[in-house]
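Asker: model the following, please.
(one chain, ligands or ions: 1)
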Amino acid sequence: MIEVRCHLPSVAEYVALTSAVGWPAPSEEACERALAATVVSVGAFEGTRLVGMGRVVGDGAENWLLVDVVVDPQHQGRSVGSALIDALETEVSNRSPGSTVLLFCPSRAVPFYEGLGYEAAPGTFMRKVLSTSPERPGRMDDPARSGRACGDPSVPWQRAAPPPLRPPAIP
Ligand SMILES: CC(C)(COP(=O)(O)OP(=O)(O)OC[C@H]1O[C@@H](n2cnc3c(N)ncnc32)[C@H](O)[C@@H]1OP(=O)(O)O)[C@@H](O)C(=O)NCCC(=O)NCCS
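Answerer: Next comes the predicted model:
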């Protein structure tokens, strides 16, 4: 029997599940930071083994982005993905009833989400791949550059940026 419950995966669990569906593994440090920024996270368990996961990131009130919805291939097609989405939606609804959940997914996963009531949203999904160089002018945490002091460590959004992650190694 598969049980879905609130669970933030460890880095090892995260890497194991994403690798199982062929997603490239980010660095351990990137995984740690990404997981720490999670707002809602659920896991699907068969006994003690994690066989599926899904997370929501965002601001906790207005913007909810569904990410990392993954079911181990051996357990796909058994309604585990649907149960994960249902659990995530329940958790988001309890925090912010009537809010909208957003996600980006590969086209092969569109029928899965459509079956759960998701629809293509009006507007255009835009993206920009930023430079791998850590040097950018006008950083908010550098008053000498931007003139805006954002260095109060007790205020989450003013905390100095952590050192930039190293760009992934090119094989
Ligand atoms: C997408 C994914 C999470 C679905 O999980 P799952 O446990 O297999 O999904 P379910 O068993 O709950 O499927 C629910 C319904 O969606 C359908 N469905 C699931 N994946 C589908 C696919 N790729 N194409 C068409 N239909 C699909 C199922 O047939 C089922 O339909 P039914 O209710 O009529 O029987 C899983 O396939 C996966 O981990 N894929 C790789 C990672 C990925 O792409 N994640 C999404 C990124 S945001």
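
Asker: tell me how far the closest residue to the ligand within the chain lies from Glu91.
Answerer: Residue of the chain nearest the ligand, by Cβ to the nearest ligand atom: Gly81 (2.3 Å). Using the backbone N, CA and C atoms, a C-beta is placed for each residue, glycine as well. For Gly81, the distance to Glu91 equals 16 Å [Cβ to Cβ, to the nearest Å].

Asker: neighbour count for those two, which is higher?
Answerer: Between Gly81 and Glu91, Gly81 has the larger neighbour count (other Cβ atoms under 10 Å), namely 22 against 16.

Asker: how about the residues of the chain near the ligand?
Answerer: Residues of the chain found near the ligand (Cβ under 6 Å from any ligand atom) are 21, 69-71, 76-82, 103, 105-106, 108-109, 111-112, 115.

Asker: so for the residue nearest to Val21 when sequence neighbours are not counted, what pLDDT did the model give?
Answerer: The shortest distance from Val21 to any non-neighbouring residue, by Cβ to Cβ, 6 or more residues apart in numbering, is to Val70 (5.4 Å). pLDDT for Val70: 98.

Asker: so in that sheet, which strands flank the strand or helix carrying Val70, and in what orientation?
Answerer: Using DSSP states H and E, Val70 sits within strand 64-71. Using DSSP bridges, the strands paired with strand 64-71 in its sheet are strand 49-58 (antiparallel), strand 101-103 (parallel).

Asker: and of the ones you listed, who's closest to Glu119?
Answerer: Nearest to Glu119, of all the strands paired with strand 64-71, is strand 101-103, at 11.3 Å by Cβ to Cβ.
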